Structures are given as structure tokens and as C-alpha cells.
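> fold the following and give me the result.
(one chain, ligands or ions: 2)
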Amino acid sequence: MQPSRSGLTSPLIALTRPPAKLNLFLELLRRREDGYHEIDTIMVPIDWSDTLRLRRIERCGINLSVNWSPSIEIVAARLGIDAKSEPDRFDQVLAIPTDGRNLVHQALGRFLDHFDVSGGFQCELVKSIPAGAGMGGASSDAAAALRCAAQLHGIPLNHPDLSRLASDLGSDVPFFLGIDGQSCLAARATGRGEKVAPIGFSSQIDVVVVFPAISLSTARVYSQATVPSDIETPDRLIDALQGGKLEGIAGGILNRLQGPALKIASQIEEILESMWRCGLIGCQLTGSGSACFGFVPSRVDSVRAAEWLRSQLEPGAIVTSARSVPVPSLIELHQSASH
Ligand SMILES: C[C@](O)(CO)[C@H](O)COP(=O)(O)OP(=O)(O)OC[C@H]1O[C@@H](n2ccc(N)nc2=O)[C@H](O)[C@@H]1O
Ligand SMILES: Nc1ncnc2c1ncn2[C@@H]1O[C@H](COP(=O)(O)OP(=O)(O)OP(=O)(O)O)[C@@H](O)[C@H]1O
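Ligands and ions are numbered 1, 2, ... in the order given. Here you go, the predicted structure:
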């Protein structure tokens, strides 16, 4: 803790903005005995992000608050969900737990146990990334919580135990944690997704992302999927990413979970059709869905395409222009105003 002007100590707040991810490529290699699938996936983080603030407290345990940005009412209105007439749908899409069901709560609990540190954490999470969207929001929040907790306790961010904790929390969490503190704009993940290797790639990618107001369960989508007999590799996509050629990137994408997700939620097909009609290229579902993305050549194009799609799809979907950013997200340290 840092001494304040009054001579008393004032707790530090760690602030970070956990990004969402898009799966540009996702192939299923094998179904394992433990129910997971061996996958080969290429992920890019994007600047559609949540905000997480963490501080140490003397009291044991975790105190987590979750709010939506700009507010739950505004997000619900954009999604066309009415809390009074559709309470179940409202809860399914917008209710985010603040207890041990939240991956941030689990991450911080495991951190406290594993490193056997005293006290607890107070955490404020502001959600912007939709849940059950295939954008890895919960996983990114969990990785951010682990990194902020380590930072506040003076544990090196490349401590190998953090990777183990991340992998135990979920298959997508290690990607957001970063590899040995290196920053990367794209990575290939194998195993069940926990073995992450950065891809040497320095350009930025501009996309439009549409969340169609449906939360899909990752386990359910995987359970409907079939491992193909002809397995594809992401080599063409990796070459195109390294060459910075948009047409090549759009031509190399694949998502083996798109078929099963569309079977569960056929309305995603209409969203993809609108995206193609709008002139986006390489339109595809991300992860286990329900969000979809398409590429554009520049930021100006993504803003323009997002505006047009918004006029067609909102309310009923959230349309956002986004750009690739590096993982892990930066951590800012601030002195808390009160203590
Ligand atoms: C779809 C992706 O987001 C693509 O990046 C990930 O593969 C999912 O990662 P995640 O949300 O972190 O998933 P986990 O929490 O590890 O697993 C949730 C459930 O999804 C299924 N699952 C997940 C990952 C994987 N490689 N194979 C699976 O079959 C399992 O039924 C598992 O019980
Ligand atoms: N921090 C969190 N943010 C959002 N959802 C959370 C969080 N912690 C737990 N959840 C629960 O997890 C589920 C969705 O998680 P998540 O947002 O990771 O799904 P997803 O976007 O489909 O991600 P993935 O790509 O990993 O499958 C919801 O049921 C939600 O209630």
C-alpha cells in the first residue's frame, strides 16, 4: 500500500479493460473422453471491452458488483427486450451473476486460495461485451481479474501458476492472460483451447460485429457438433494475416461450430445475410455464437457499415464497429480517493 498525503495508507485500484475476441478460424480435431474437443483456432482480440476495477480489502472474501454500460435499460432497449413482458429472456441475456457463478468471482477466489494471501478483494465489473455471444467476455474478465490481483499483490504477471489457474477456469482464459507477458494481436490456440501461441502479425483488422440478442450455451453448441472427416488447417489464414491481405484473410476463415449454432438459433442466418448484403466480407459466427462478424478495409468503412446495419437490425441486435487490439489489456494503477 502507498502512503497518502495524510500519512495514512490508501489502497491502490487496478483498472483494466478486458477485450472481447473473435475466432477467425475454428476447426474440431477430435472429441475427447472428458467431453471436451481438441480444437485448432485462430483468435483476435477486439476493442469491444468490459471495464474491471479491483482493490484489496482487509475483509476476507470477494465483493463483486456488476453493471451494464451505458445502463441495463439502454442495452435492453437496443436488444428489443422488454423486462416486464419477457422476464425470462431478459434474465437469460442480461442477468450477470455476482456470486461464485461469475468467472471473476471464481478467478479471485482461486487466486486467494492458491497464493494464500490475507484479506480479500472488492471488484467492480462494468459489462459491455454480451454474454453467451462467443466473444469470450467472461473468460476475458477472469484473466483480467487474475492479472490485476497479481499486480496488487506484487506477483509477477508472467508467474507460471497464473497460467495454470487460467486454464482451470476455462479453455478461453489463457488466451486473454497472454503468453509470458508478451503482447499479441492474434494467436493460435490448440488442445481444448488452452495451449496458446502468438502469431507474428502487426496489422490491424477492422470489423463489424453483430450480437443478435440470443445467448447460446457453449456446451450445447459443442454437443451438436460433429468432427469432420476432412480436417482443415489455418495455414492459409495465417499466411494472409502475416501478409496483411484482407481478401486472403476473409478467404481463409472457418468456424466448424457455425452449423450447430445455426441449427439451435436459425435467426442467426438472417443476421449473416444482412451482413453480406451490407458489403461486409468473410461474414461468420464467432466461437459458439451467437455474435457474428464481417471484415471491412478501414475504420471509416466499419463505422459506415455499422450505421447502416443498425438502421436495419436495431432494436433486436447490437451492432458495433470494432478493431483488433493486443492482449493482454494494460493495467492502470490509481490511488483510491477514499479508504
Ligand atoms: C467456443 C470457444 O469460445 C472458442 O474459442 C471455446 O472453445 C469455448 O471456451 P470456454 O467458453 O472457455 O469453454 P469451457 O468453459 O472451457 O467449456 C464449456 C463447455 O464447452 C465444451 N467445450 C469447450 C471447449 C472445448 N475445446 N471443447 C468443448 O467441448 C464442453 O462441453 C465444456 O464443458
Ligand atoms: N464475468 C462474466 N461476464 C459475463 N457472463 C458471465 C460472467 N461470469 C459468468 N458468466 C456467465 O457465463 C455465461 C456466458 O459466458 P461468456 O460471456 O464467456 O460466453 P461466451 O460469450 O459464449 O464466451 P465463449 O466464447 O467463451 O463461449 C453466462 O451464462 C453468464 O451468466
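> contacts, neighbours, all on C-alpha from now
Fine.
> write out the residues of the stretch 151-300 of the chain neighbouring ligand 2.
172, 218, 287-288 (Cα under 6 Å from any ligand atom).
> how about low-confidence regions in the chain?
Scanning the chain for pLDDT under 70 picks out 1-10, 338-339.
> up against ligand 1, what does it have?
35-39, 134, 136, 170-172, 192-193, 218-219, 222, 287-288.
> redo the residues of the stretch 151-300 of the chain next to ligand 2 as a markdown table? Include neighbour count and secondary structure.
A markdown table is the format used below for those (neighbours: other Cα atoms under 10 Å; DSSP: H, G, I helix; E, B strand; the rest coil):
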| residue | neighbour count | secondary structure |
| --- | --- | --- |
| Asp172 | 26 | coil |
| Thr218 | 17 | helix |
| Gly287 | 28 | coil |
| Ser288 | 29 | coil |
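> now the buried members of the residues of the chain next to ligand 1.
In those, burial by neighbour count holds for 36-39, 134, 136, 170-172, 192-193, 218, 222, 287-288, counting by 16 or more other Cα atoms under 10 Å.
> hang on, the earlier thing: now the residues of the stretch 151-300 of the chain next to ligand 2 in CSV, with distance to Gln242?
What follows is those, written out as CSV (distance: Cα to Cα, whole Å):
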residue, distance to Gln242
Asp172, 23
Thr218, 30
Gly287, 22
Ser288, 26
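> which of these sits closest to Ala144?
Proximity of these to Ala144 was ranked by Cα to Cα; the top entry is Asp172 with 12.5 Å.
> for the closest one, give me its contacts.
Applying Cα atoms under 8 Å, 6 or more residues apart in numbering to Asp172 gives the contacts 136, 139-140, 193-194.
> residues near Asp180, how many?
Per other Cα atoms under 10 Å, the neighbour tally for Asp180 reads 12.
> give me the spatial nearest neighbour of it, chain neighbours excluded.
In this structure, Asp180 finds its nearest non-sequential neighbour in Asn158, 4.8 Å apart by Cα to Cα, 6 or more residues apart in numbering.
> quick one on the thing from earlier: restricted to strands, list the residues of the chain next to ligand 1.
Residues of those located in strands (DSSP state E): 37-39.
> quick one, phi/psi of Ile13?
Ile13 adopts backbone torsions of phi -110, psi 130, taken as degrees, to the nearest 10.
> would you agree Asp82 is in contact with Val93?
No. Using Cα atoms under 8 Å, Asp82 makes no contact with Val93, being 11.5 Å away.
> between those two, which one's more packed in?
Shown here are Asp82 and Val93; by other Cα under 10 Å, Val93 has more neighbours (19 against 13).
> what's the helix or strand for that one?
Element membership for Val93, per DSSP states H and E: helix 87-94.
> what helices or strands is that helix leaning on?
helix 72-79 (3 or more Cα pairs under 8 Å, 6 or more residues apart in numbering; DSSP states H and E).
> what is the helix it packs on packed up against?
helix 87-94.
> I'd like the next helix or strand past the helix it packs on.
Next along from helix 87-94, by DSSP H and E: helix 103-115.
> for that next one, the distance to its chain's centre please.
Chain-centre distance of helix 103-115: 19 Å, with Cα atoms, centre = their mean, to the nearest Å.
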